[in-house]
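Undergrad: build me a model:
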Amino acid sequence: MTITVACITDDIEYATRMVSYMKSSPIYHSWRLQLFTSLSKFQPREAYGQLDLILVDEAIYDEFTLKFPQFIMLNNELQAVQNVHTQPIVVQLVSQPSDFREHHKLVKYQPLSTLLHMLYTIIEGQRHMIARPVIPRTSETIVIGIGSSIAQCGKTIFALHLAHAIAARNERVFYFNLELWNTSEGWMSAEDPTASQVTYSDFLYAVKSNADEAQSWFAKHRQYDQRLQCDRLKPFAHIEDRQQLTKEDALLMLDIIRTSGHYDYIVLDLSANYDEWNLTLLSECDIHYMMMMASEEWLKKHHMSIQYAQMKWKELTTKLESYTIVILNESRAMRSIQMSDLQVHFKLPHIEQWEEQYASLLSSSIYRATVEHCVHKFLNKGSYAS
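TA: Numbers count the residues shown, from 1 in each chain. Below you'll find the predicted structure:
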């Protein structure tokens with residue numbers, strides 16, 4: 001993919017630095033830069049080819065909007081998607097940090113590597129938004145919680161496949177991982193050099209420092225994952241941020257995403273433990289997938305954990321029962337399990353190749369098909385139908 005950028009600035013030194021950086025950058029082959037040192041020299045025509053981005057210095061931005069009003073992108077997401085949008089994205093280069101409002105704004109004086117990364121994020125997000133049709137919905141954002149009583153039951157790989165399966169149906173999905181020990185990155189492919197480094201630690205800081213502006217921050221920094229086909233953020237940069245995260249702050253983060261208007265579904269991946277923290281989050285979900293492992297020892301621990309949770313937090317566990325879907329992850333030890341004693345809605349196949357080598361996301365067609373069947377249960381009936 002080639003990204004064609006027009007930069008309009010009368011700051012010659014800045015323009016020179018940008019050209020120099022891009023020529024030495026590993027992503028130089030995918031960027032095509034056109035520099036204009038005055039607005040009068042910028043005369044869009046077919047000879048330039050299709051522009052993807054137009055960077056406009058703040059000193060001449062107002063003049064630019066008057067001269068080229070057709071280039072100002074629509075600020076309403078639904079409008080932008082429903083119209084055939086072939087215009088380039090206009091980005092205003094500003095001297096001071098600014099909130100995300102009508103138009104994209106980026107700080108001019110920052111490391112150019114960071115600036116180019118932010119530009120790449122903007123265009124990928126815009127292309128993703130335009131490419132996917134709007135599906136009329138009568139319900140609000142649906143939150144799907146993935147939980148388990150004991151670790152090592154395949155919860156995270158199921159959650160990732162689930163997010164992908166829903167997104168593949170042209171639904172807008174956010175994968176929200178609040179595990180204490182987030183292992184989701186291990187399932188991803190090699191990291192794109194242009195991928196964002198924004199983490200949940202940054203999101204938490206935005207929430208704690210200015211909750212009223214946190215939704216604007218989130219809209220700007222959410223990252224589209226091409227493999228998952230949905231949005232996500234990177235794990236907490238500091239484990240202490242997750243360890244000290246209160247359920248109140250976690251609920252606030254969830255509410256910011258849910259009420260943003262950007263998503264049809266949120267897949268909430270939680271730590272293995274049905275304690276008060278996790279149960280409180282799950283009580284805010286519309287659907288709860290309870291993961292289980294087909295191992296005699298594992299199931300013994302599971303039943304002990306569930307009994308304790310039911311005794312300790314009866315009101316929360318009772319609430320969950322009405323919308324819980326039980327998933328059993330098969331294993332080699334299944335023959336010793338009395339399946340008649342388990343109330344299971346779906347069984348996930350045991351993938352032997354994942355034992356022989358480290359599993360990669362979406363590598364098993366059998367597993368993907370089974371997860372698709374799990375998705376079908378709520379996407380095609382009742383209030384959850386699309």
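Undergrad: in this structure, what helix or strand scores lowest on average pLDDT?
TA: Lowest mean confidence among the helices and strands of the chain (mean pLDDT, DSSP states H and E): helix 77-82, at a mean of 41.
Undergrad: quick check: next helix or strand after it?
TA: On the C-terminal side of helix 77-82, the nearest following helix or strand under DSSP states H and E is strand 89-94.
Undergrad: now that next one, how far from the centre of its chain.
TA: The chain centroid and the centroid of strand 89-94 are separated by 24 Å under CA atoms, centre = their mean, to the nearest Å.
Undergrad: go on, stretch 366-380?
TA: 20 Å.
Undergrad: using CSV, write out every CA atom in it.
TA: Extracted C-alpha coordinates of stretch 366-380, given in CSV (Å, rounded to 0.1, in the frame of the first residue of the first chain):
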residue,chain,number,x,y,z
ILE,A,366,-12.0,-26.4,12.5
TYR,A,367,-11.6,-24.1,15.6
ARG,A,368,-12.7,-21.1,13.6
ALA,A,369,-15.8,-22.8,12.3
THR,A,370,-16.7,-23.9,15.9
VAL,A,371,-16.4,-20.4,17.2
GLU,A,372,-18.5,-19.2,14.3
HIS,A,373,-21.2,-21.6,15.5
CYS,A,374,-20.9,-20.0,19.0
VAL,A,375,-21.4,-16.5,17.5
HIS,A,376,-24.4,-17.7,15.4
LYS,A,377,-26.3,-18.4,18.7
PHE,A,378,-26.7,-14.8,19.6
LEU,A,379,-26.1,-12.9,16.4
ASN,A,380,-29.1,-14.4,14.6
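Undergrad: which residues are contacting that stretch?
TA: Contacts with stretch 366-380, where a contact means CB atoms under 8 Å, 6 or more residues apart in numbering, come from 158, 161-162, 164-166, 169, 171, 287, 289, 325, 327, 345-349, 351, 362, 384-386. Bear in mind the C-beta positions are built from the backbone N, C-alpha and C, glycine included.
Undergrad: list the buried residues of stretch 167-179.
TA: 167, 169, 171-179 (16 or more other CB atoms under 10 Å).
Undergrad: pretty sure residue 320 is touching residue 284, no?
TA: No - assessed by CB atoms under 8 Å, residue 320 is found out of contact with residue 284, at 10.8 Å.
Undergrad: circling back: which one of the buried residues of stretch 167-179 is nearest to residue 42?
TA: The closest of these to residue 42 turns out to be residue 172 (CB to CB; 34.7 Å).
Undergrad: more neighbours: residue 320 and residue 284, which one.
TA: residue 320 (19 against 15; other CB atoms under 10 Å).
Undergrad: residue 364 contacts residue 348, doesn't it?
TA: No - the pair residue 364 and residue 348 fails to qualify as a contact (CB under 8 Å) at a distance of 10.1 Å.
Undergrad: re earlier: from the contacts of stretch 366-380, which land in helices?
TA: If you go by DSSP state H, those have 158, 161-162, 164-166 in helices.
Undergrad: stretch 146-165: end-to-end distance?
TA: 15 Å (CA to CA, to the nearest Å).
Undergrad: tell me how far it lies from the chain's centre.
TA: 16 Å.
Undergrad: got the buried residues for that stretch?
TA: For stretch 146-165, burial by neighbour count (16+ other CB under 10 Å) applies to 146-151, 153-165.
Undergrad: right, I'll call it a day here.
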